[in-house]
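A.B. asks: from the sequence below, what's the structure:
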Amino acid sequence: MSFRSAEDAQLISSFVEGGDRRAFDELMRAHEDRVFAVCLRILSNREAALDAVQETFITVYRKAQQFSGASAFSTWLYRIAVNTCYDQLRRSQRHLAQPLPDNNDPADSRSEETLQSIELRPDLERALADLAPEFRVAVVLSDLEGLPLQTIAEALEVPIGTVKSRVFRGRRLLAEQLRNFSGLSAHQRDEHDA
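C.D. replies: Sure thing, here's the model as predicted:
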């Protein structure tokens, strides 16, 4: 068990058993940036990601007593965050709306550092947004967040083979969209295959 996992286990225990709200606040501070990064990469929209982070921590607050300790707290937290993002994606499919332009968004000086540290190339962001959610989540958690496959499998509640397949297919689809599959552009592949 890593130091962070041990500390998380102690904090969640203090919150559940003793009602220590400071312990919950500390858990939230320790994980909010990474949860935001995951949500932003899944949802491709800052406002939606902020909403998902808020919903995630509200869910954790309400259901903290359901954390069994069978996996790391962070794994359980990622599961909740991913499920929250899936819910938002489903809702947004029902109510398609155009987001406000970025210039209508007031500056949030506190979030600038976080946003700059997790920004991706615009073409990669678009390609990620075009992936089916199950592939996007697998690629985000594996390649962008650097989580081990076993942790991803636990967070998504799927077999590790499914995670491997989703990561592989997601990477392949990204490469095709970015036109660097097998190191050749689509035009080059056509010429190569002729």
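A.B. asks: I figured residue 48 hits residue 88, correct?
C.D. replies: Yes: in this structure residue 48 lies within contact range of residue 88 using CB atoms under 8 Å: 5.8 Å. Just so you know, the C-beta spots here come from the backbone N, C-alpha and C atoms, and that holds for glycine as well.
A.B. asks: could you report the neighbour count for residue 30?
C.D. replies: The burial count assigned to residue 30 is 16, neighbours taken as other CB atoms under 10 Å.
A.B. asks: mind checking how far it is from residue 138?
C.D. replies: Shown here: residue 30 relative to residue 138, a distance of 24 Å by CB to CB, to the nearest Å.
A.B. asks: do residue 91 as well
C.D. replies: Distance of residue 91 to residue 138, given as CB to CB: 21 Å.
A.B. asks: show me where the protein has its helices.
C.D. replies: Secondary structure of the chain by DSSP state H: the helices cover 3-18, 21-43, 46-63, 73-94, 109-118, 122-130, 133-139, 149-156, 160-177, 186-193.
A.B. asks: which elements pack onto the longest one?
C.D. replies: In terms of contact count using 3 or more CB pairs under 8 Å, 6 or more residues apart in numbering; DSSP states H and E, helix 21-43 is assigned the packing partners helix 3-18, helix 46-63, helix 73-94, helix 109-118, helix 133-139.
A.B. asks: same check, this time on the third one
C.D. replies: For helix 46-63, the packing partners by 3+ CB pairs under 8 Å, 6+ apart come out as helix 21-43, helix 73-94.
A.B. asks: can you tell me what sits against that helix?
C.D. replies: By CB atoms under 8 Å, 6 or more residues apart in numbering, the residues outside helix 46-63 that reach it are 24, 27-28, 32, 35-36, 39-40, 42-43, 77, 80-81, 84-85, 87-88, 92, 99, 105, 115.
A.B. asks: map the structural domains onto the sequence of the protein.
C.D. replies: Under automatic domain parsing, the residue ranges defining each domain of the chain are 1-99+108-119, 120-194.
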